[in-house]
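**Q** give me a model of this one.
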Amino acid sequence: MKTPDLVFRGRRLSSDRALVLAAVESLPGARDAVADGADLVSFPGSESLVEAARAAFPGLVIGVDTADPSVAAACCEAGADLIVARADLAEVAARYGAGYAAPSVPSTAGLSVVMNIGVFRMPLPPGDVPVLAEVAGDGTPAGLARTAVAASAGVAIIRTKHVRQVRHVAEMAASIAGTRPPAKAVRWE
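**A** The predicted model follows:
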């Protein structure tokens, strides 16, 4: 599915497939994730990691995972564009103009759904397709199948630690949906 234009503190993202948010623990991890095709990266709440990533990747959308308002604020001051919250941090996101992914809502389909109002700048009614989803077991065959279903359903961003595999699945789902051409066309005879 084609994602709508998403704007994170002036950084605009748009794609012909679901975007891939890499959940990483370090700057080398971010480098690997970007090399594997991540569109965004997120770190556990660390101001120094955000600063280092902002210096290394000036145009990259950088997120922070935290439940602490003071950590979220410090990371936004250091250059974070997105708060993947583990608590209600909407006020901090609004103060800094950062994107905001609200706390997870469990799903019976194996998806941990994150409803997001801040990134789209418009409300999402309950029951609509989430903006951001983290798929349980996303590195396994079953998890990748759930990722394909999420991408096909219109999830705009998929959060993962398995960037390359999830990126391929997002591209495949978009190719099947017809929103992007296949990476390689092969004629069977």
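**Q** which strands and helices sit next to the lengthiest helix in the chain?
**A** Ranked by residue count, the top helix of the chain under DSSP state H comes out as helix 163-177. Counting contacts by 3 or more C-beta pairs under 8 Å, 6 or more residues apart in numbering; DSSP states H and E, helix 163-177 packs against strand 19-23, helix 141-153, strand 157-160. For glycine as for every other residue, the C-beta is placed from the backbone atoms N, C-alpha and C.
**Q** cutoff 6 Å now
**A** strand 19-23, helix 141-153 (3 or more C-beta pairs under 6 Å, 6 or more residues apart in numbering; DSSP states H and E).
**Q** strands of this structure, start to end?
**A** 6-8, 11-13, 19-23, 40-44, 61-66, 82-85, 99-101, 104-106, 111-114, 132-135, 157-160 (DSSP state E).
**Q** in this protein, which helix or strand is least confident?
**A** strand 111-114 (a mean of 46; mean pLDDT, DSSP states H and E).
**Q** ok, the closest residue in space to Arg31 that isn't next to it in sequence - how many residues close by?
**A** In space, and not counting its chain neighbours, Arg31 is closest to Ala56: 7.3 Å by C-beta to C-beta, 6 or more residues apart in numbering. Other residues lying near Ala56 total 13 when counted by other C-beta atoms under 10 Å.
**Q** distance of Ala56 relative to Gly45?
**A** Note on Ala56: its distance to Gly45, by C-beta to C-beta, to the nearest Å, is 18 Å.
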